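A.B. asks: Got a predicted structure here, sequence first:
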Amino acid sequence: MSRNTRIAVLVGAVVVAVVAFVLAKGGSTNRATHTSGHAYIYIIGGKPKGGVQTLTYNKGEQVLFTVVSDVADEIHVHGFNFKKDVSKNGSVSFAFPATDQGGHVIELEHRGEQIANLEVR
């Protein structure tokens with residue numbers, strides 16, 4: 001086998017290993033972003049599926065999101081101070097006007113687990 005062939009095989013093996021690693025990690029390290037409209041946040045094992053989402057709304061728009069959870073907890077929208085209980089394998093929806101500009105944490109209150117970041121522009 002020539003030197004160039006060995007290098008090509010080695011490079012190909014590295015590319016395959018990197019692609020396999022990225023796919024095993026869920027395809028991306030970027031966090032999901034949602035802009036306007038109805039957002040869905042899925043909780044699996046007490047953690048947000050796909051990582052912490054950023055929900056972005058313009059001031060005056062209607063914030064609308066649903067949390068679908070496999071664990072029971074209280075969903076707390078900090079800054080707006082909205083709280084609702086979600087049951088195990090249940091869902092809960094929030095709808096309110098985007099009045100307070102800035103970043104606001106949405107979390108599973110009792111677990112202290114951030115599930116989303118609400119950005120009002």
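C.D. replies: Looks like it arrived, so ask away. Numbers count the residues shown, from 1 in each chain.

A.B. asks: Out of the helices and strands in this protein, which is least certain?
C.D. replies: Counting by mean pLDDT, DSSP states H and E, the chain has its least confident helix or strand at helix 3-24, which shows a mean of 48.

A.B. asks: Can you tell me who F96 pairs with across the strands?
C.D. replies: As for beta bridges, F96 partners with V63 under DSSP bridges.

A.B. asks: I meant to write T56 there.
C.D. replies: Per DSSP bridges, the residues bridged to T56 are T35, E119.

A.B. asks: thought it was touching E119?
C.D. replies: Yes: under the criterion of C-beta atoms under 8 Å, T56 makes contact with E119 at 4.6 Å. (Glycine included, C-beta is placed from N, CA and C.)

A.B. asks: Got the domain ranges for this protein?
C.D. replies: The chain breaks down by automatic domain parsing into domains covering 1-29, 33-120.

A.B. asks: just for the protein, where's the confidence low?
C.D. replies: Scanning the chain with the threshold set as pLDDT under 70 gives 4-33.

A.B. asks: how close does the closest residue to P97 other than its chain neighbours sit to Y40?
C.D. replies: Nearest residue to P97 in three dimensions, chain neighbours excluded: Q62, at 6.1 Å (C-beta to C-beta, 6 or more residues apart in numbering). Per C-beta to C-beta, to the nearest Å, Q62 is found 15 Å from Y40.

A.B. asks: Likewise for R111?
C.D. replies: Using C-beta to C-beta, R111 is found at 19 Å from Y40.

A.B. asks: Enumerate every residue touching H38.
C.D. replies: Each residue near H38 by C-beta atoms under 8 Å, 6 or more residues apart in numbering is listed here: L64, F65, T66.

A.B. asks: residues of whichever strand or helix holds the second one that come out buried?
C.D. replies: The reference is to F65. Assigned by DSSP states H and E, F65 belongs to strand 62-69. Across strand 62-69, burial judged by 16 or more other C-beta atoms under 10 Å covers V63, F65, V67, V68, S69.
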